[in-house]
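Chemist: Return a 3D structure for these sequence lines:
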Amino acid sequence: MPTNLGFICFENGAGEKCIYIVDSGNDETNGARILDFIRENFSDYKLKVILNTHSHADHCGGNSFLVRETGCEVWASKGEAYLMEFPDIETQLVWGGTPIHDIRSKYLLAEACKVNRVFDGEEKIEIPCNEGAISLKVISLPGHYVDQTGFLLTDTDGKSVLFAGDVLSGRNSIKKHWIQYLLDETKTKESLFKISKIEADFYIPGHGDIVTEIEGIAELNLLAILETEDMILDELKKPKTMEELLKAVADRSNITLKTSQYCLIGSTLRSYLSGLYEAGKITYTIEENRMIWKSIY
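Modeler: Down below sits the predicted model:
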């Protein structure tokens, strides 16, 4: 699977054996693997709900297949629900207009799906089961994407796990992709500070290994953002256009850009520029019909 998934298995008050899952992979193939896993390991359980952290294709691409095959519901935040129902917006956001067909792949474009329950902000849901209730807390964690949420689940025995979505990446994932995609740099940092204060027994990032303590991995994610900030500020000591900055950052990071990376990293750098500009650390001028960015300090 391209992303971490969660399986919540329980028997409800009516004696029905139910499964909720967190995220669904990026396409029908991943959806079929999830269904095969359920049939092989939980043959008398029924998939009831998909909880989506956000609407990126690698987290919700299996939704439509699973809904067709099982009749399960999809639950997501208000902003992400809209994007799951109109997934073309994702590639339009990355491209900044109508995208070329080269980026309209399953890695960036999920099949549209209807969202049955919409979270409008944070809320706490009690899932009744035969041993009491499982607590599901919906936590707002925007930044990586428009209205991303995390899910803090507390079992009947008091054990808790936080599904953090892509606000949090594991060490190996950060090492592989030091410049992580984000839509809003400022909100991403705020969400990292927020998540570092949440107590749980286990923390599951969108990509990477499960951890039992949050502060170290949250700090590493924040460090990756701050070092990217510093790289941008250093490069903008000499004024550059966005295109020149993208090349400079890719060269310094030893990245050979392909089409999807060009779009994703380019979109991410524009988000950094917005954050640094609003923080008063950089400015721009329009010269000869070009937007030229430069550091203030």
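Chemist: Contacts only, for the closest residue to Leu236 other than its chain neighbours.
Modeler: Among residues not flanking Leu236 along the chain, Ser295 sits closest, at 4.3 Å (CB to CB, 6 or more residues apart in numbering). Where you see a C-beta, it was placed from the backbone N, CA and C, and this is true even at glycine. The neighbours of Ser295, taking CB atoms under 8 Å, 6 or more residues apart in numbering as the test, are 233-234, 236-237, 281-282.
Chemist: what sits against Asn12?
Modeler: Contacts of Asn12 by CB under 8 Å, 6+ apart are 18, 127-130.
Chemist: Check Lys194 too.
Modeler: Shown in contact with Lys194 (CB under 8 Å, 6+ apart): 139, 141.
Chemist: ok, now Glu111?
Modeler: Counting by CB under 8 Å, 6+ apart, the residues that Glu111 touches are 27-28, 61, 63-65, 87.
Chemist: same thing but at 10 Å, please
Modeler: Counting by CB atoms under 10 Å, 6 or more residues apart in numbering, Glu111 makes contact with 27-28, 31, 57, 60-65, 67-68, 84, 87.
Chemist: Relative to Ile103, which of those residues is nearest.
Modeler: Ala57 (11.0 Å; CB to CB).
Chemist: what about Tyr20, distance to Ile8?
Modeler: Distance, Tyr20 to Ile8, using CB to CB, to the nearest Å: 4 Å.
Chemist: joint contacts of the two?
Modeler: The contact sets of Tyr20 and Ile8 overlap at 48-49, 51, 127, 134, 136, 151, 153 (CB under 10 Å, 6+ apart).
Chemist: any idea which of these is closest to Glu244?
Modeler: Closest approach to Glu244 among these (CB to CB): Phe151, at 40.9 Å.
Chemist: a helix runs through the closest one, doesn't it?
Modeler: No - counting by DSSP: H, G, I helix; E, B strand; the rest coil, Phe151 is not found in a helix; it is strand.
Chemist: Spatially, which residue comes closest to it, not counting chain neighbours?
Modeler: Phe163 (4.5 Å).
Chemist: Glu80: how many residues sit nearby?
Modeler: Look at Glu80: counted by other CB atoms under 10 Å, it has 26 neighbours.
Chemist: Sorry, slip of the keys, the one I care about is Ile296.
Modeler: For Ile296, using other CB under 10 Å, the count is 12.
Chemist: Over to Glu126?
Modeler: 10.
Chemist: who's in contact with it?
Modeler: 132-136.
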